[in-house]
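Asks: fold the stuff below for me.
(2 chains)
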Protein chains: 2
Amino acid sequence: MHTSPFTTKDYVRRMERAVEQATAAGLSGVLVAPGPDLSYFTGYRPTAITERITLLVLDAGRDPVTLVPALERPDAEAAPGASAVSLLGWADGTDPYAMLAPLLDPVGHYAISDSAWALHLLGLQRAVPGARFRAMTEALPMLRAVKEPEEVDRLAAAGAAADAAFEQIVSVRFAGRTEHEIGAELAALLRRYGHSGVDFTIVGSGPNGASPHHEMSERIVRDGDMVILDFGGVWADYRSDTTRTVHVGPATDEERQVFDVVRRAQQAAFEAVRPGIACQEIDRVARRVIDGAGYGRYFIHRTGHGIGLTTHEPPYLVEGEPRPLVPGMCFSIEPGVYLPGRFGVRIEDIVTVTEDGGRRLNRTSHDLRFVS
Amino acid sequence: MHTSPFTTKDYVRRMERAVEQATAAGLSGVLVAPGPDLSYFTGYRPTAITERITLLVLDAGRDPVTLVPALERPDAEAAPGASAVSLLGWADGTDPYAMLAPLLDPVGHYAISDSAWALHLLGLQRAVPGARFRAMTEALPMLRAVKEPEEVDRLAAAGAAADAAFEQIVSVRFAGRTEHEIGAELAALLRRYGHSGVDFTIVGSGPNGASPHHEMSERIVRDGDMVILDFGGVWADYRSDTTRTVHVGPATDEERQVFDVVRRAQQAAFEAVRPGIACQEIDRVARRVIDGAGYGRYFIHRTGHGIGLTTHEPPYLVEGEPRPLVPGMCFSIEPGVYLPGRFGVRIEDIVTVTEDGGRRLNRTSHDLRFVS
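Replies: Below you'll find the model as predicted:
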């Protein structure tokens, strides 16, 4: 287990920034549920996220308070950011929403963690009927999007570990083995290179590659297959996520052509990264290359997503997201082309925004790699 | 991986029952989010639960529909219950809540999965402002609470596997090793006996045992320690959860006395189980034994929780839950006494309600076990 490099001071600064951003956005405060948000603000990660509510209330008018189930209190007290937060325990058989009510402005306007349970939001809406609630990523989308240097370091280390796993998986035999077998080997490599957990290993061979979120199957990989490898995990709380497409034996002209289109789209989108450009513009740049080659209708997802304590978080590189890139943001750039029933190609790097452009946190080659 | 014993017919029957129960409760329908609810009704388990909404709409007036992100569609189609549900894909950059709106009664009253994301509930509330929403376990608490025989079989198998792990852990050395080391060994045993995943391993030695949800620490277990072992995992999608308290070397009279109180409380609560008795009555029976021995203020949690596809689900054995037990319900009975700064004792079995009483799904001895 890696020790947190973040101190109580870091957590206090993050909480203060959240309150400032909330105030600037016309909100009364921020309600933080267990998961990546609570981890970000306090370092506290409850053992399990359950029907028993835990909620950090950040409000301009008062000191931070976390409501916790009484029996979780000792663990909450041990969290690195705990000393900056008062804890309020609630016991089984009592009404935690009634305990929260006096902590909120009865006609306030709050942002609440996206992944807070509906059960808890409905409890709050009942207990504080005059308050209004908005989802965190809608109200304050960029709250965790601009990474601190220590966070970028961790994402870079996670990326390097994933790259090391890729460099090794291309030397194993693909033909004659199932997608599951190759995926299990990839997962073991992610762990060997320092990941504490594996989030996903997608092995999409031949026609399976045409389904972007196909995971793995018992399909036996064959000579002549295009194979999408998309994988990632947790490295010291931060996530890796990279995709390379490889080919078993020689590729056809059409396969090389599709691969080249995706590679050019990824490169063009990467080169467009700079502070101030709109998120959706990165998506448009990638899409323009693929459209221009006649494959536009086969690029069926957004170009990328932010990454940090979770694999998917703002900023999203998608049409309709006009907010600008800011130095320190970290996200994937992952255009793809999916030909139903035939094959797919995707290339994905994590990229961080610098003062004058972008920096890739995945560095394995973009050439089409041939495996045996 | 175990194959599902459940067929499309089973899933259809479950969905029909949900609609019947919803109608009887005055609801328009049920909104099912990824997680245990969606798994229960369709067998579909998305790779990850994310910001992209997936939602099954069960409504008395129409056939079941699942809204899925376009790129998850192929996986959703492959789920065992999929052939009984129409799939509606939504693409990145479009508004999924606007697509859901016409599927709902504009002034309807819906139950929604407890763990549905606040992000999605808020999107629904905005798209269908005249509709009302209630949390599933509040509106239809017993929807998954009465288990089918095949479900009880799986919980029994999960319990037997956890029991086998316990019988083996008591023969290892405790004194001189950290709680983490013992917990790691317990996790390996759970896996060895067929668990595909480990949810938690609590090793609470000496004073750590007095914090009911303390997980594990670097504390070195010593001769004379009372040690709470509470552990569980996933066995063919269903969960195990059992607690035994062991002692390192000889116990003091007080330790034996507290242990005996907890054992009698657990036994009395178990003997009270029968169809028709109120959930809260089981809690009262356990509490009465502990109160009577003068330890009432040290029993700081409810007596038990339902178990199935999740570790915590209705029925909850807690004051304020007047609903009756029904044959097929499965839950923990786990009274405990926690003496701050000193030690704790807890004994937990999973119990299923039969026609004329209860049946334990954990069968290891309730005697105080001594370890070395």
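Asks: skipping its backbone neighbours, what lies nearest A:Met329 in space?
Replies: Closest residue to A:Met329 apart from its sequence neighbours, by C-beta to C-beta, 6 or more residues apart in numbering or on different chains: A:Val353 at 4.7 Å. From N, CA and C alone the C-beta is placed, and that goes for glycine too.
Asks: now swap in A:Arg219 and tell me
Replies: In space, not counting the residues next to it along the chain, A:Arg219 is nearest to A:Glu179; the distance is 5.5 Å by C-beta to C-beta, 6+ apart.
Asks: thought the residue nearest to A:Met329 was touching A:Ile277?
Replies: No: A:Val353 lies out of contact with A:Ile277 (C-beta atoms under 8 Å); the separation is 9.1 Å.
Asks: need the residues touching each of these two.
Replies: Here A:Val353 and A:Ile277 have A:Leu325 as joint contacts, going by C-beta atoms under 8 Å, 6 or more residues apart in numbering or on different chains.
Asks: between the two, which has more neighbouring residues?
Replies: A:Val353 (26 against 15; other C-beta atoms under 10 Å in any protein chain shown).
Asks: mind listing what that one touches?
Replies: A:273-275, A:325-330.
Asks: over to A:Thr245?
Replies: Taking C-beta under 8 Å, 6+ apart, one finds A:209, A:226-229, A:259, A:262, A:344-347, A:368 in contact with A:Thr245.
Asks: mind showing which ranges of the stretch 1-150 of chain A have poor pLDDT?
Replies: Residue ranges of the stretch 1-150 of chain A with pLDDT under 70: A:1-4.
Asks: residue boundaries of the strands in it?
Replies: Counting by DSSP state E, counting those that start in this stretch, the stretch 1-150 of chain A has strands at residues A:29-32, A:55-59, A:62-69, A:86-90, A:109-112, A:132-135.
Asks: which residues are contacting the third one?
Replies: Going back to what we said before, that points to strand A:62-69. Residues contacting strand A:62-69 (C-beta under 8 Å, 6+ apart): A:15, A:42, A:44, A:52-58, A:76, A:84-92, A:96, A:99-100, A:103, B:213.
Asks: for the stretch 201-350 of chain A, what lies in contact range of chain B?
Replies: A:211-215, A:300-302, A:311-313, A:318-320 (C-beta under 8 Å from any C-beta of the partner chain).
Asks: closest one to A:Asp37 out of the residues you listed, please.
Replies: A:Glu313 (9.8 Å; C-beta to C-beta).
Asks: can you get me a residue count around the residue lying closest to the closest one once chain neighbours are set aside?
Replies: Among residues not flanking A:Glu313 along the chain, A:Gly306 sits closest, at 4.5 Å (C-beta to C-beta, 6+ apart). Using other C-beta under 10 Å, A:Gly306 is surrounded by 25 other residues.
Asks: tell me what A:Gly306 is bridged to.
Replies: A:Glu313, A:Phe331 (DSSP bridges).
Asks: how does chain A divide into domains?
Replies: By the assignment in automatic domain parsing, chain A contains the domains A:8-139, A:149-371.
Asks: once you drop chain neighbours, what's closest to A:Thr277?
Replies: For residue A:277 the amino acid is Ile, not Thr. A:Leu325 (5.4 Å).
Asks: surely the one you found touches A:Gln280?
Replies: No: assessed by C-beta under 8 Å, A:Leu325 is found out of contact with A:Gln280, at 10.8 Å.
Asks: neighbour count winner among these two?
Replies: Higher neighbour count among A:Leu325 and A:Gln280: A:Leu325, with 24 against 20, using other C-beta under 10 Å.
Asks: list the contacts for the more buried one?
Replies: A:273-279, A:282, A:315, A:353.
Asks: for the residue nearest to A:Arg219, give its distance to A:Ala293.
Replies: 28 Å (C-beta to C-beta, to the nearest Å).
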